[in-house]
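*Asks:* Structure for this input, please:
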Amino acid sequence: MTDGRREAAGAAWGALSALFFGDEMHDRFHDAAEACGVPHPGALKAMLNLDPAEPRSMRMVAEDLRCDASYVTSLVDDLERLGYVERRVSPSDRRVKLVHLTPEGEAAKARAHDSLSTPPKALDRLSDAEIRSLARIAAKLT
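*Replies:* Here you go, the predicted model:
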């Protein structure tokens, strides 16, 4: 990578980091947690990682969140109290508990997704052509 390319990449990453780690996105994540009725963003993140068609073991949830299993137990306790998840014994290994997203959890997850998927206000500064370019570039990155 040339020095100019490295510098431009650093500037692009710095701008994206400021956008995604800034106050608006931080507040939005807390607002999404509140809209779902979950006590904090950690529980929201755990719920967002669950798929109703594919229950996850407690260990897998901890790996997804890159945190301790004891913290996941606390998060799942909170979600279970709200009726958003159920813990069930794995049919293949009785020692393993699987976390199942309930229909109520699916509805809460959809509410959170609606809140989180609204584009940030900073994108209002872009023209229609710039938005299309950004969408194309972001798709290429992911």
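*Asks:* Tell me how far the helix or strand where residue 33 lies lies from the chain's centre.
*Replies:* Using DSSP states H and E, residue 33 sits in helix 23-36. How far helix 23-36 lies from its chain's middle: 11 Å, per C-alpha atoms, centre = their mean, to the nearest Å.
*Asks:* other SSEs contacting the helix or strand following that helix?
*Replies:* Following helix 23-36 in sequence order, the next helix or strand is helix 41-48 (DSSP H and E). Under the contact criterion of 3 or more C-beta pairs under 8 Å, 6 or more residues apart in numbering; DSSP states H and E, helix 41-48 touches helix 23-36, helix 58-65, helix 69-81, helix 103-116. In this view, the C-beta of every residue, glycine as well, is placed from N, C-alpha and C.
*Asks:* Need the contact partners of the top helix by length along the chain.
*Replies:* What stands out as the longest helix in the chain, according to DSSP state H, is helix 3-20. Applying C-beta atoms under 8 Å, 6 or more residues apart in numbering, the external contacts of helix 3-20 come out as 1, 25, 120, 122.
*Asks:* Return the alpha-carbon coordinates of it using CSV.
*Replies:* Below are the C-alpha coordinates for helix 3-20, written out as CSV (Å, rounded to 0.1, in the frame of the first residue of the first chain):
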residue,chain,number,x,y,z
ASP,A,3,1.8,6.2,1.6
GLY,A,4,-1.0,8.2,-0.1
ARG,A,5,-3.4,5.2,-0.2
ARG,A,6,-2.6,4.4,3.5
GLU,A,7,-3.2,8.0,4.4
ALA,A,8,-6.5,8.1,2.5
ALA,A,9,-7.6,4.8,4.1
GLY,A,10,-6.8,6.1,7.5
ALA,A,11,-8.8,9.3,6.9
ALA,A,12,-11.8,7.2,5.6
TRP,A,13,-11.6,4.9,8.6
GLY,A,14,-11.3,7.8,11.0
ALA,A,15,-14.4,9.4,9.6
LEU,A,16,-16.4,6.1,9.7
SER,A,17,-15.2,5.5,13.2
ALA,A,18,-16.3,8.9,14.3
LEU,A,19,-19.7,8.3,12.7
PHE,A,20,-20.3,4.8,14.2
